[in-house]
Every structure is written in structure tokens, then in C-alpha cells.
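Visitor: coordinates for the following, if possible.
(one chain, ligands or ions: 1)
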Amino acid sequence: MQIGIIGLGYVGLPLAVAFAEAGCEVVGLDVDAGKVEALNNHRSYVEDVPSSALEPLGARLQATGDYAELAGCDAVVLCVPTPLSDSREPDLTYLLESAQALAQVLRSGQLVVLESTTYPGTTRDRLLPILEASGLTAGSDFHLAFSPERIDPGRTDYTVKTTPKLVGGVTAASTERARELYEQICDTVVVLSSPEAAELSKLLENIFRSVNIALVNELSQLCDRLGIDVWEVVEAASTKPFGFMRFDPGPGMGGHCLPVDPFYLAFRARQLDFYPEFIELAGKVNQAQPGFCVERIERALNGVRKPVNGSRILVLGVSYKGGVGDVRESPALKIVGRLQDLGAEVSYHDSFVPELPGHGLASVELEDGLRGADVVAIVTAHPDVDYEAVVAQAPLVIDFRGITRTIDADNLIRL
Ligand SMILES: NC(=O)c1ccc[n+]([C@@H]2O[C@H](COP(=O)([O-])OP(=O)(O)OC[C@H]3O[C@@H](n4cnc5c(N)ncnc54)[C@H](O)[C@@H]3O)[C@@H](O)[C@H]2O)c1
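Guide: Now for the predicted structure:
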């Protein structure tokens, strides 16, 4: 079977590798010539895909920038970005552009699957008409389905293979084709009645996380006023074996998905004169959390009679979560920017993020950063840092991730 993957990023590349490992011929397509070249030289740029996994695939995974090379594929999967515009509305530009290019080469018998996260109705109302402009009819000449990507970058306990895959086609035949496709690489395929149900299922998963993260983040602010350790409370509640699911507070919510996806549903809801309260409220609370962290840093410095202005602040970890180098929507960016605005001398250490050009910073060696720092702020906890050594060496440490929970020290403050 020959499979085309459009968009070779965090989602598309692991998927392309999974299909190639299952014995399929994979044509990976990306508009980024650098990525195409890297892959054709067996060099990966996604943490979850080691370069060593590419070489054994040989010619089974070939990258290109030319849509014409998709003409021979049995199935084509779209994994392009679906970000928000400046006005926080869905930006479907990448999706619509890639669909238009695909329509030029679409041929009878092909299956097209959209994996990009989006609002219910996108597959049928936006993608289908563009593909049908080819002259072919969806559901008979070609097949069309939605199947959300559920990948969690950096996670090793659940993979493409072991995470159940949802599929919903525009017709029963399209659903069946999508089921057959994913059964080659996934242990469990869950069939839904429509692409709309599959689109909304993905949004529910992410909104569930966003709302629960907002709940514990808000609780962390209340605990600060109450003088109660929020981590102790979260851990205690987590001992309940039923009816509670643990979420940890932190410096805010980042990544390409959680801060973005809920607004896709809010947009669609507004078109129907429906105003989803939970989504907006969770977004508001999570976006305010980096500001609360800056206030905590100000208070920590105040406690040792230092103003933020002129203080040397070392930020540990700037990616949106531990173990990955993705800084998209990372709360650390807001924290660093705000501290710089306040006149602090900010440096950062993050072995996953070599530089932050937007802030004029490059990662410093941990030892160099610790030397002379007035305060160290743990914003993202990476696995390669010895936090006990950090607390032992720094005059003052403030931890927004609870990674130092087992350490008891006078110079240590936690969220
Ligand atoms: N990253 C995640 O953890 C994750 C998880 C689940 C779902 N998703 C969803 O998957 C989709 C892709 O996300 P991602 O993180 O892989 O994005 P990404 O930015 O890492 O990768 C997208 C790729 O698409 C390419 N591209 C853009 N326009 C193109 C076009 N017209 N033709 C061909 N290639 C094009 C880009 O160059 C890029 O390499 C999004 O809808 C996202 O919401 C992401």
C-alpha cells in the first residue's frame, strides 16, 4: 500500500514512520524544503523520532515537496497546522492551501483523511468542496474521513500503535476505508458515525484537560492566599481511587494544542449563537497564570530585599513541558518577557531549546547560570537537571512545577 502524508511535523512524521515500519510505501510531503532534505538524509527533527529509526526504513519513506508524487497513493493523510489567527479565530489557511494542491492530483479510488485538530464540520463543509472541485465525488469516486491525532509528544507509555484511533467518514464506505487504513498501524480502531463526531471528540479531550488545568491553577492562587501547600492537596485528593483525576498546577498552559483547540469549538459555537462558558473561563484563568508566577518571583525577591529591576534571574526550562523542545505558546515566554520588561537580567537554561531569538537569549550552561543568580525560577522541569544540586547552589529557588516536593530547604519556595 502507498500512503501520502501531507505535513511532516510533530504529528505527520511519527505517523509516516509508523506506516513505513508497517511495510507501507510512504510519500511524505512538506512545503519546508529543509525538512524534506533532512528526512531524505535520514535526519529527524522531532524528538519522538530518533534519526536511527529513519535509516532502516530506506526507500519506504521518501520526502518530497511535489504534490504530483501523491498521485500514486492509495491514501493521503493531512497533518498540517491548524493555528489561531491574531484575533483568536481558526486559521484554516494551511489546511485549505494543502487541500487545493491535493485536489489538483486527486484521483479516483483514493482515500483522504484529515488528522489536524479542527471544529466540527470542517471535513464536510470546508475540505470536501475543495476536493470535489477536482470533478470527483466524495463517498463514491474518492473517500473522505476525519481521524484525530491523539499523540502526546514525549510520551512513551502510549504510542501511535497502542492509542485507540477514532475514525468517522462522510459515508459508511469512507469510514470503512479509514478503518482498514489505521488497522495496519493501530491495535484498536474506534468507528464513529460521522466526521463531525470524530472532530468534536478530539476537542472534548483537549477541553477536558484545559478546564481541569485551569481548575488546579486557580486553586494554586487560592492556596497561596490560604497559606496551604497546593501540591499536598493535589496529592491527597489523588489518593481517592475513583471519581478524581489528577491534574497538576503549573506556570500556565502551553503547546500547540491545549491553548488553541478549545477556541476552535468556541468559534463554531458562536456561529450558532451559543457561548460556551467553560472554554472561555479556562482560557482566561490559564492565560493569567504566568502573570501570577511573575508576581510570585517579585514577592520572593522582595523577601530578600531585592527589586526585580536589576536582579539576575535564571529561568530553568522554557519549553511548554518537560522533555520536549517545543516552545509554542509556552508560558515561559510570557514570564521571561515580563521579567525583561521589569528590568530583570534574565538568563535561561534549557538543553532542549538552544535559543529564544524573540527575547534575545540563548541557553546558558547550568553552572554558569547558577553563578551569580539572585533567584532561580523552575518554569519547566526537564529530566536532565539535578534539582537537588540547584537548590543546594542557588541563593533562592522558586519552583512552579512541584519538582522539588521532596526537598526541604529554607531557600526554596513553591507555587
Ligand atoms: N503536536 C501535537 O502534539 C499534536 C497532537 C494532536 C494533534 N495535533 C494537530 O495536528 C496538526 C499538526 O500539528 P503539528 O504539531 O504536527 O504541526 P507542525 O507545525 O509540527 O507540522 C506541520 C507541518 O505541516 C507543514 N505544512 C504547512 N503547510 C503545508 C502545506 N500546504 N503542504 C504541506 N505541508 C505543509 C509544515 O511545514 C510543518 O512541517 C494540528 O492540527 C495540530 O493541532 C498536534
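
Visitor: need the contact list for residue 18.
Guide: 160, 161, 185 (C-beta atoms under 8 Å, 6 or more residues apart in numbering). Where C-beta positions appear, they are placed from N, C-alpha and C, glycine not excepted.

Visitor: double-check that residue 76 belongs to a strand.
Guide: Yes. With DSSP: H, G, I helix; E, B strand; the rest coil as the criterion, residue 76 is part of a strand.

Visitor: so which residues of the stretch 301-415 of the chain form helices?
Guide: In the stretch 301-415 of the chain, the segments counted as helices under DSSP state H, counting those that start in this stretch are 331-341, 366-370, 387-393.

Visitor: same question, the chain
Guide: For the chain, the helices defined by DSSP state H occupy 12-21, 33-40, 93-103, 128-132, 172-183, 195-226, 230-237, 261-271, 277-303, 331-341, 366-370, 387-393.

Visitor: out of these, which is closest to the ligand?
Guide: Comparison of those against the ligand by C-beta to the nearest ligand atom identifies helix 93-103 as nearest, at 3.6 Å.

Visitor: show me what that closest one is packed up against.
Guide: strand 75-78, helix 128-132 (3 or more C-beta pairs under 8 Å, 6 or more residues apart in numbering; DSSP states H and E).

Visitor: check the gap between residue 186 and residue 25 for me.
Guide: Applying C-beta to C-beta, to the nearest Å, the value for residue 186 to residue 25 is 19 Å.

Visitor: comparing these two, which residue is more hemmed in?
Guide: residue 186 (21 against 17; other C-beta atoms under 10 Å).

Visitor: nearest spatial neighbour of that one, chain-adjacent residues omitted?
Guide: Of all residues not flanking residue 186 in the chain, residue 165 sits nearest, at 4.3 Å (C-beta to C-beta, 6 or more residues apart in numbering).

Visitor: where does the one you found land on pLDDT?
Guide: With respect to pLDDT, residue 165 scores 98.

Visitor: show me what contacts it?
Guide: 147, 150, 182, 186, 188, 189, 190.

Visitor: picking up where we left off before, let's have the helices of the stretch 301-415 of the chain in JSON lines, adding mean neighbour count.
Guide: JSON lines is the format used below for the helices of the stretch 301-415 of the chain (neighbours: other C-beta atoms under 10 Å):
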{"stretch": "helix 331-341", "mean neighbour count": "21"}
{"stretch": "helix 366-370", "mean neighbour count": "17"}
{"stretch": "helix 387-393", "mean neighbour count": "17"}
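
Visitor: want to throw the ones you listed into CSV with mean pLDDT and distance to residue 29?
Guide: As requested, the helices of the stretch 301-415 of the chain are arranged in CSV below (pLDDT from 0 to 100; distance: least, C-beta to C-beta, whole Å):
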stretch, mean pLDDT, distance to residue 29
helix 331-341, 98, 30
helix 366-370, 97, 40
helix 387-393, 98, 42
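
Visitor: turn those helices into a markdown table, including distance to residue 16.
Guide: Formatted as a markdown table, the helices of the stretch 301-415 of the chain follow (distance: least, C-beta to C-beta, whole Å):
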| stretch | distance to residue 16 |
| --- | --- |
| helix 331-341 | 29 |
| helix 366-370 | 35 |
| helix 387-393 | 36 |
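
Visitor: in a markdown table: the ones you listed, plus distance to the ligand.
Guide: Below are the helices of the stretch 301-415 of the chain laid out as a markdown table (distance: least, C-beta to the nearest ligand atom, whole Å):
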| stretch | distance to the ligand |
| --- | --- |
| helix 331-341 | 17 |
| helix 366-370 | 27 |
| helix 387-393 | 26 |
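
Visitor: out of these, which is closest to residue 116?
Guide: Closest to residue 116 of these, according to C-beta to C-beta: helix 331-341, at 23.5 Å.

Visitor: distance from the chain centre to the closest one, please.
Guide: 20 Å (C-alpha atoms, centre = their mean, to the nearest Å).

Visitor: now that helix - C-alpha only, CSV.
Guide: Provided in CSV are the C-alpha atoms of helix 331-341 (Å, rounded to 0.1, in the frame of the first residue of the first chain):
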residue,chain,number,x,y,z
PRO,A,331,4.1,30.2,29.5
ALA,A,332,7.8,30.6,30.0
LEU,A,333,7.9,33.1,27.1
LYS,A,334,5.4,35.3,28.8
ILE,A,335,7.3,35.0,32.1
VAL,A,336,10.7,35.8,30.5
GLY,A,337,9.2,38.7,28.5
ARG,A,338,7.5,40.3,31.6
LEU,A,339,10.6,39.9,33.7
GLN,A,340,12.7,41.6,31.0
ASP,A,341,10.1,44.4,30.8
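
Visitor: what's the local residue count around residue 44?
Guide: Around residue 44 there are 18 other residues, counting by other C-beta under 10 Å.

Visitor: excluding residues flanking it in the chain, which one is nearest it?
Guide: residue 51 (4.6 Å).

Visitor: which ones are touching that neighbour?
Guide: Residue 51 sits in contact with 42, 43, 44, where contact means C-beta under 8 Å, 6+ apart.

Visitor: ok, which of the residues you listed also contact the ligand?
Guide: When C-beta under 6 Å from any ligand atom is taken as the criterion, no member of the contacts of residue 51 contacts the ligand.

Visitor: would you convert the residues you listed into JSON lines that also reports pLDDT?
Guide: Converted to JSON lines, the contacts of residue 51 look like this (pLDDT from 0 to 100):
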{"residue": "42", "pLDDT": "96"}
{"residue": "43", "pLDDT": "97"}
{"residue": "44", "pLDDT": "97"}
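
Visitor: which parts of the stretch 151-300 of the chain sit against the ligand?
Guide: 151, 153, 256, 257.

Visitor: can you count the residues close to the closest residue to the second one other than its chain neighbours?
Guide: If you skip the residues right next to it in sequence, residue 153 has residue 324 as its closest partner in space, 5.1 Å away by C-beta to C-beta, 6+ apart. Here the neighbour count serves as a burial measure; for residue 324 (other C-beta under 10 Å) it reads 21.

Visitor: would you confirm that residue 324 contacts residue 155?
Guide: No. Assessed by C-beta atoms under 8 Å, residue 324 is found out of contact with residue 155, at 9.8 Å.
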